[in-house]
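> Provided below for reference: sequence and predicted model.
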Amino acid sequence: MERHVWQAEHYRRSNSRQYRTAVEALELAGLHGGRLADVGCGSGEITRNMAERGFAVTASDFSPSMVAATRRLCEGFPVTVEVRDARELKLEPAAFDIVHCSWVLHWLDDIDHALNEMARAVKPGGALILQWSRANARGSEDGVTILHGVMNRPRWRDRLADTPFAMHQHPADEVVARLVSSGLAIELPPTELDAQFVAEPVALARIMRAAGLAAQADKLGDDADDFVIEVATEMIAANQLNPHNTRLIARKA
């Protein structure tokens, strides 16, 4: 996905629930101050929230727009933020009381480096908090199956041939195995969040256009609304509205 399509103002308007679930996860892990790494900081609300609670935060995101928004929102707080692809993540080893990463893993084709780097960055007694979509069993059908069918229709196929949908499936059991092999203990086993998408085509299309289908919408220009509404309508008709959002908390002994 091209970085320029991730625009902070669009993301912020459509992803308030993702913000709330991240705060819930962080509170479950226990918040006692210290250092926190926010991997995939988005438009900065979580980074700001944690800084207000006394954390020194090291934040990163793939999108320059997101990083700029985070810098503005966190001005005056103990926050450092940089443009960084999670596939090339670099964190100080054994330095963070909490490493937090919500709604990023499913955008990575290969999660091994990111998981290893995050696990390595947790200090003894610290926690790694992960939330991601498409944590369902490998090969099982979900909304992405419907999306691929729409993208392959004559109106869209050629125009989107060089803009594939980049949301990958990383089953929860595979993520657990990677973390355990990195020396972490699972504190909160993978828990699927109750996060059905809204079953109304225009509202669902608005959410998808802001994030998941931002690259395709950018490519289609004036036809973007037709495309995202078509996808939303098909997903609702097929009752494939569960993104299989999952939460996991691991801790280093």
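Structure's in. What do you need? Bear in mind the structure is a predicted one, so any value in this text is a computation, not a measurement. Numbering: from 1, shown residues only.
> OK, contacts around residue 213?
Applying CB atoms under 8 Å, 6 or more residues apart in numbering, we find residue 213 in contact with 147, 165, 227-228, 231. All C-beta spots, glycine's among them, are computed from the backbone N, C-alpha and C.
> contacting residues for residue 188?
If a contact means CB under 8 Å, 6+ apart, then residue 188 has 28, 247-249 as its contacts.
> Where in this structure is the helix or strand with the lowest mean pLDDT?
When each helix and strand of the chain is scored by mean pLDDT, DSSP states H and E, helix 8-14 comes last, with a mean of 54.
> Now do the buried residues in the next helix or strand after it.
From helix 8-14 onward toward the C-terminus, using DSSP states H and E, the following helix or strand is helix 16-29. Across helix 16-29, burial judged by 16 or more other CB atoms under 10 Å covers 18-19, 21-23, 25-26, 29.
> How about residues contacting the following helix or strand past helix 16-29?
Next helix or strand after helix 16-29 toward the C-terminus (DSSP H and E): strand 34-39. Residues outside strand 34-39 that contact it (CB under 8 Å, 6+ apart): 46-47, 50, 55-60, 86, 89, 91, 95-101, 104, 114, 118, 121.
> Partner strands of strand 34-39 and their direction?
Sheet partners assigned to strand 34-39 using DSSP bridges are listed as strand 55-61 (parallel), strand 96-102 (parallel).
> Select, out of those strands, the one closest to residue 189.
The closest of those to residue 189 is strand 96-102. By CB to CB, the value is 17.2 Å.
> quick one: the helices in the stretch 101-250 of the chain?
Here the stretch 101-250 of the chain has its helices, by DSSP state H, counting those that start in this stretch, at 112-121, 143-151, 154-157, 172-181, 201-210, 214-220, 224-237.
> got the CA coordinates for the fifth one in CSV?
These are the backbone C-alpha positions of helix 201-210, laid out as CSV (Å, rounded to 0.1, in the frame of the first residue of the first chain):
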residue,chain,number,x,y,z
PRO,A,201,-23.9,-0.1,3.0
VAL,A,202,-23.1,3.6,3.1
ALA,A,203,-21.8,3.6,6.7
LEU,A,204,-19.8,0.4,6.1
ALA,A,205,-18.4,1.8,2.8
ARG,A,206,-17.3,5.0,4.7
ILE,A,207,-15.3,2.9,7.2
MET,A,208,-13.7,0.8,4.6
ARG,A,209,-12.7,3.7,2.4
ALA,A,210,-11.0,5.5,5.3
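> Which strands or helices does that helix pack on?
helix 8-14, helix 224-237 (3 or more CB pairs under 8 Å, 6 or more residues apart in numbering; DSSP states H and E).
> distance of the residue of the chain positioned farthest from its centre from residue 223?
In the chain, the residue that sits farthest from the middle, by CA atoms, centre = their mean, is residue 154; the gap is 30.5 Å. The gap separating residue 154 from residue 223 is 13 Å, by CB to CB, to the nearest Å.
> try residue 178
On the measure of CB to CB, residue 178 and residue 223 end up 40 Å apart.
> What of residue 106?
From residue 106 to residue 223 the distance is 26 Å (CB to CB).
> The two: which is more packed in?
Taking other CB atoms under 10 Å, residue 106 and residue 223 do not tie; residue 106 has more neighbours (22 against 13).
> how far away is that one from residue 176?
Remark: distance between residue 106 and residue 176 (CB to CB) = 16 Å.
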